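# For reference, the sequence and a predicted model appear below.
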Amino acid sequence: MTLDRAVMAFAGAMILISLTLAYIARPYWLLLAAFVGANLFQAAFTGFCPLAMILKRLGVAPGPAF
C-alpha cells in the first residue's frame, strides 16, 4: 500500500467511525469528521499532511500524491 492510499484509507475510516459514534453516542463526534475533512482540504492545497509525515517515518512507501 502506498502512502497516498494509506492516508485516504485512514481518513475514510476516521470519518466513518466519527459518523457511527455520532449516531450511537453523541453528536459531538461530528467534530472529528469536520477536522478530518478540513485537514484533507488544506492538504490538497498546501501538500502538508501530518499523517503522511508519520507514515513516511514508519516506512510506508511514498506514492505520487505525497
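Happy to help now that I have it.
# least trustworthy helix or strand in the protein by mean pLDDT?
helix 50-57 (a mean of 93; mean pLDDT, DSSP states H and E).
# Count the neighbours of residue 49 for me.
21 (other CB atoms under 10 Å). Using the backbone N, CA and C atoms, a C-beta is placed for each residue, glycine as well.
# From residue 23, how far out is it?
28 Å (CB to CB, to the nearest Å).
# In terms of pLDDT, where does the residue most central in space within the chain sit?
Computing the C-alpha centroid of the chain and ranking residues by CA atoms, centre = their mean puts residue 11 first, at 2.8 Å. Confidence at residue 11, expressed as pLDDT, is 96.
# mind listing what's buried in the helix or strand hosting it?
Element membership for residue 11 (DSSP states H and E) is helix 3-24. Buried residues in helix 3-24, defined by neighbour count with 16 or more other CB atoms under 10 Å: 3-4, 6-7, 11, 14-15, 18, 21-22.
# Please compute how far it lies from its chain's middle.
7 Å (CA atoms, centre = their mean, to the nearest Å).
# May I have the secondary structure class of residue 59?
Here residue 59 is coil, with the state taken from DSSP: H, G, I helix; E, B strand; the rest coil.
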